[in-house]
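Chemist: Everything below, folded, please.
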Amino acid sequence: MKGLHMLTFALLVIGGLNWLLVGLFNWDVGQIFGGQQAMVSKIIYILVGLSALIEMFSHKKCCKCCGEKKTAAPTM
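Modeler: Residues are numbered from 1 along each chain as shown. Below is the predicted model of the structure:
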């Protein structure tokens with residue numbers, strides 16, 4: 001499960017950086033692979049979208065901040 005989490009996280013970072021480039025410079029990384037209509041670009045976009053879904057539904061299980069129940073420290 002950790003490997004899947006690392007892969008999906010990496011794809012989400014790539015997708016986020018792509019949106020940053022689109023917003024700042026109107027340049028899409030998919031243009032390197034032949035534009036949005038190219039099969040390679042479509043596969044990358046689909047993988048990034050699926051990664052978002054996987055992270056969204058499995059986040060609490062993998063996240064140290066959200067997944068573990070925190071108990072209060074014993075007082076003396």
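Chemist: Would you mind naming the helix or strand containing the closest residue to Ile14 other than its chain neighbours?
Modeler: Spatial nearest neighbour of Ile14, excluding adjacent residues (C-beta to C-beta, 6 or more residues apart in numbering): Val48 at 6.6 Å. All C-beta atoms are positioned from the backbone trio N, CA, C, and that covers glycine. Val48 is located in helix 39-62, with elements delineated by DSSP states H and E.
Chemist: Give me the most central residue, the chain.
Modeler: Centroid check for the chain by C-alpha atoms, centre = their mean gives Leu12 as the closest residue, at 2.0 Å.
Chemist: Grab the nearest non-local neighbour of it.
Modeler: Ser51 (5.3 Å).
Chemist: can you tell me how far that neighbour sits from Phe25?
Modeler: The gap separating Ser51 from Phe25 is 23 Å, by C-beta to C-beta, to the nearest Å.
Chemist: For the two, indicate the residue with more neighbours.
Modeler: More crowded of Ser51 and Phe25, by other C-beta atoms under 10 Å: Ser51, with 21 against 8.
Chemist: State whether that one and Met6 are indeed in contact, as I suppose.
Modeler: No. The criterion here is C-beta atoms under 8 Å, and Ser51 misses it with Met6 at 10.7 Å.
Chemist: related to what we said a few turns ago, now the helix holding Val48: buried residues?
Modeler: Ser41, Ile44, Val48, Ser51, Ile54, Glu55, Cys62 (16 or more other C-beta atoms under 10 Å).
Chemist: Give me the pLDDT value at the closest residue to Ser58 other than its chain neighbours.
Modeler: Distance criterion C-beta to C-beta, 6+ apart; nearest residue to Ser58, sequence neighbours excluded, is His5 at 7.3 Å. You'll see His5 listed with a pLDDT of 84.
Chemist: any weak-confidence spans in the protein?
Modeler: Scanning the chain for pLDDT under 70 picks out 61-76.
Chemist: quick revisit: would you check that the residue nearest to Ile14 makes contact with Leu12?
Modeler: Yes. Counting by C-beta under 8 Å, Leu12 is a contact partner of Val48 at 6.8 Å.
Chemist: Which neighbours do those two have in common?
Modeler: In terms of C-beta atoms under 8 Å, 6 or more residues apart in numbering, Val48 and Leu12 are not both contacted by any residue.
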